[in-house]
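**Student:** I'll drop the sequence and a predicted model, then ask my questions.
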There are 2 protein chains.
Amino acid sequence: MPAHALYERHRPLLDDALQALSRRGHWSPFPEAPSPKVYGETAQAQGHAAVQALFGKDYPLRQPGERARVATEQSPYGVALDIRYPECDAQALVDAAQAAEPAWQALGPQGRTGVLLEALTRIHQRSFEIAHAVMLTTGQGAMMAFQAGGPHAQDRALEAIAVAWKAMADVPAEAVWEKPQGKHAPAVLHKRFEIVGRGVALVIGCATFPTWNTYPGLFAALATGNPVIVKPHPNAVLPAALTVSVLRDVLTEQGLDPNLVTLAVSDKPELTQALATHAAVASIDFTGGNAFGQWLQSNASQARLYAEMAGVNLVVIESTDAYAGMLRNLALSLSLYSGQMCTTTQNLLIPAGGIETDQGHKSFEQVGADLAAAIDQLLTDPKVAFTVLGAIGSAQTVERVEQAATVGRAVRASQKLTHPEYPQAEVRTPALRALDVADAAIYERECFGPVSYLVAVPSAQAARELAERSVRAHGAMTLGLYSTDAAFVDAVAASALRSRVALSINLTQGVMVNQSAGFSDFHATGGNPAANASYTTLAFVADRFVVVQRRW
Amino acid sequence: MPAHALYERHRPLLDDALQALSRRGHWSPFPEAPSPKVYGETAQAQGHAAVQALFGKDYPLRQPGERARVATEQSPYGVALDIRYPECDAQALVDAAQAAEPAWQALGPQGRTGVLLEALTRIHQRSFEIAHAVMLTTGQGAMMAFQAGGPHAQDRALEAIAVAWKAMADVPAEAVWEKPQGKHAPAVLHKRFEIVGRGVALVIGCATFPTWNTYPGLFAALATGNPVIVKPHPNAVLPAALTVSVLRDVLTEQGLDPNLVTLAVSDKPELTQALATHAAVASIDFTGGNAFGQWLQSNASQARLYAEMAGVNLVVIESTDAYAGMLRNLALSLSLYSGQMCTTTQNLLIPAGGIETDQGHKSFEQVGADLAAAIDQLLTDPKVAFTVLGAIGSAQTVERVEQAATVGRAVRASQKLTHPEYPQAEVRTPALRALDVADAAIYERECFGPVSYLVAVPSAQAARELAERSVRAHGAMTLGLYSTDAAFVDAVAASALRSRVALSINLTQGVMVNQSAGFSDFHATGGNPAANASYTTLAFVADRFVVVQRRW
């Protein structure tokens, strides 16, 4: 089926996505429940089997410039993966990308969109396989790995394709310019406008959400006409490899050069650095830490950088009329994937004098004790606990949890649990530490993982000011607020506007501050130090291409 | 009249602009003919008088942090302007901009658009005044100063406002997110999305087109919610000052802080550097040379840079079926404002063996001689000559013209003319020099001003390849082509796509390669070294704001 026929086939999906974006209500074409009724009775078993069949083997991927096979992944669940990926020469990958570019460019927005929607549909069909790869490489619990690594990541991919479509469709393909010249015949020029990608795109993935944080840049860059080199985190290669394989399969079927999308695997920073600073690399999508993000900013100045880096997320607790709901919501929020989400709250700012609630006044200490109890309660059932917590992804995070036990006052100690299925997994429950407002040196630094600080602030007003200052200085993906005082809510909303951070107010039910829904929530504003771009605004896609006109 | 009423008043203008952009045909609401019938019998005289009334005086502008009055302008026409502008402290301007920001932000897209369209309408009413200021400060001829400095610049401003509107209108203001929960009640979140500017914008103008190249960044930044500090070139302050004054007047009438838009005048680079590297400056629009452009890229990394810098524009001449028309078109193109346009052709690539034309075969030498004669012909009538050529804007350009007389072979010598009205003006006709393809060291460097090189290339194919290489390496705003060979036209069009440059094919009538029409032509692609942004794509506006959401 030619690319333009693929476009026609998937056009209803594109149209639905565009309509969803114009409303930003709840919508997804990809069911989030890993249910046999939806995905088929055997889908899960088949997905797991497909992943296991790769263990200890050369991953089936042939790319130019292969100079070695490398197995870089250490599963947080202690599963021996030993999948050997090609390690390719940077220049060879760039050359191959550039060779594949003109045909992709010539396909035009419709053809490209058709091919990408076909690939996305096939990625969706392999959700269990990709989800299992996400789980094993990141340490996420099975449910999160399925939802965030599968359907929710696919939502973000579709969103990127749709927003890119919108930006490209804004430019008419042709025009006739006819200028009246008084008594003379009008001056007439014919004009054609073509969308041309900026050049080779490098998409650098992270260790925790190797599809959710990779798909937006990957699909936005492809849709707008650019070849892409995907550089996954060395510890979470497989989800990216499976994705790249599907894309390459579809490209090959279409008679296109599969090297339009390649995988750059290595645990040596030199490869990433060589790619990032290559003169032909025109854009870089990066999710990861500040150190490498700042290195990219300073050294890869030839490329446009879309970066999501570290931040310090906060919740301001002023008062609540749903104390139990608030505690349950916060407990789950802090426990999900052991706090290894870029959107998880680190600092809970609580007036030292306590807060008013529907259950009466609660002192600072009481709120801490009650939150600790809510976490205990949530994790009582081991099955729930292991599903919610997952495993700790890196030794550095384990270290941070252990160091955190030495600062401030203990409110809730992190426990080490033994996973019944994966005894080698590092499973840790959330640590809560109480700090004073003077302990800024501790709480103003990101402590990624299951560590949160309850910071005793002089007043709610002080909490608001501290939050605004912190977001401006250190960045944040999320800001939460609990308050029954409409004027205070307005004041914090104004703070959030000034510091350019997304605000969640009085979440006490099934949505957590760290959750962001495709087609509705913007992920990061791009306006504070935590990130310079947002999933998915027009700004995320519009500068990935230029318009080249000709007139005659 | 409140800002939202201004929006309603000017909404038909906005709607027309949006429709024009969707078609990209010929359209402008601002008549380009400086005709008494259109603008009124006394408009021109009043405009000139208004400018002359400012000579030798303090310019009526009061801004925070004023520490001196400075007169920095030297008119290329030799007119003593001696207008004294406030030189203000950089920190004071930034502080004032930040103080003005929240109210401007709170006004929202409609209110801001209303205020800006009102200001633009008043700028239009003062076209003769601004045009005269452009003429006296830049050296443009009166007609170009009126058209490019007045209505055409206003077109670009309206275009920027309209594209910004489109980008902002893409985000709904509110949404209800309702997620079904099986048997349970659906999860419901209310969401609000607000457009928030990135912060203080710095708009750095150039010496040659102080309104045309300043308005896009100025109005795009304002429309999207940012305060703007306008830093005009020290030699072309008045057109920017008049514009800033109109904006400040309208803001004041609206009860808004006029310091939302300020003027930073200085002939000391330190002021510009202090502003450009200020932590609060979030975006910089820059039109000017490579040296300062690269300095900004390296030193102002806290800001998003929209830069138009130097380039080497080319025309490839393969063949023509309208030899006389081609020569007339090229003659006018090279003569307009003595080649001091960023879009003027520098290198004419012509096969050493000559070209086929409707007047028979023409040797390389003959084409040069005929082009020289066409320029002579165009400039025979002194009135036409002085109108077309204007005056040379800077001593460096005069120097370049003189140095050019020493390279290659003379085809047409530049003449110095004496302006009857402005005897001190440096008026120079275009120089044509013939070079060999081996003289790359000469022709691959921008030689801004009335100097063009006829480069003898081995073949048309070699010309195409040289042009593509040159655009990639040195950048270009424009590429021209004359050819009757459809296959060759296609090959050059493919080259233009690869090197990301706008292509004009077989222009022989009233449109020159260096002319770019608002609402139809994109000015620069943003995809080659001459510029990283384009008037006016979505990319030019979409990253000037972020979306801050709140949900509850």
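**Tutor:** Happy to help now that I have it. Residues are numbered from 1 along each chain as shown, chains lettered A, B, ... in the order given.

**Student:** now the strands for the stretch 351-500 of chain A?
**Tutor:** The residue ranges that make up the strands of the stretch 351-500 of chain A, judged by DSSP state E, counting those that start in this stretch, are A:355-357, A:360-362, A:409-412, A:416-417, A:427-428, A:431-436, A:451-457, A:478-482.

**Student:** what separation do you get for the residue nearest to residue A:508 when sequence neighbours are not counted and chain B?
**Tutor:** Residue nearest to residue A:508 in three dimensions, not counting chain neighbours: residue A:325, with 3.1 Å by CB to CB, 6 or more residues apart in numbering or on different chains. Quick note: C-beta positions are derived from backbone N, CA and C, even for glycine. To chain B, residue A:325 is 13 Å away according to CB to the nearest CB, to the nearest Å.

**Student:** please name the residues that touch residue A:276.
**Tutor:** Applying CB atoms under 8 Å, 6 or more residues apart in numbering or on different chains to residue A:276 gives the contacts A:202, A:204, A:284, A:296, A:299-300, A:303.

**Student:** what subset of those is buried?
**Tutor:** The neighbour-count test (16 or more other CB atoms under 10 Å in any protein chain shown) marks A:202, A:204, A:284, A:296, A:300, A:303 as buried among the contacts of residue A:276.

**Student:** filter the residues you listed down to just the ones in strands.
**Tutor:** In strands, judged by DSSP state E, the following of the buried ones among the contacts of residue A:276 are found: A:202, A:204, A:284.

**Student:** would you format those as TSV with distance to residue A:100 and pLDDT included?
**Tutor:** Output for these, formatted as TSV (distance: CB to CB, whole Å; pLDDT from 0 to 100):
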residue	distance to residue A:100	pLDDT
A:202	15	98
A:204	20	98
A:284	19	98
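
**Student:** tell me how far the residue sitting furthest away from the middle of chain A lies from chain B.
**Tutor:** Taking CA atoms, centre = their mean, the residue of chain A most remote from its mean C-alpha position is residue A:183, at 60.7 Å. Distance, residue A:183 to chain B, by CB to the nearest CB: 14 Å.

**Student:** same check, this time on residue A:46
**Tutor:** From residue A:46 to chain B the distance is 26 Å (CB to the nearest CB).

**Student:** find the closest residue to chain B in the stretch 1-150 of chain A.
**Tutor:** Scanning the stretch 1-150 of chain A for proximity to chain B using CB to the nearest CB identifies residue A:24 as nearest, at 4.0 Å.

**Student:** distance between the longest helix anywhere in chain A and the chain's centre?
**Tutor:** Of all segments of type helix in chain A, defined using DSSP state H, the longest is helix A:90-125. In terms of CA atoms, centre = their mean, to the nearest Å, the centre of helix A:90-125 is found 21 Å from the chain centre.

**Student:** show me which positions of that helix end up buried.
**Tutor:** Of the residues in helix A:90-125, those scored as buried under the neighbour-count criterion (16+ other CB under 10 Å) are A:90, A:92-97, A:100-101, A:104-105, A:107-121, A:123-124.

**Student:** now stretch A:270-278
**Tutor:** By neighbour count, and taking 16+ other CB under 10 Å as the criterion, the buried residues in stretch A:270-278 are A:271-278.
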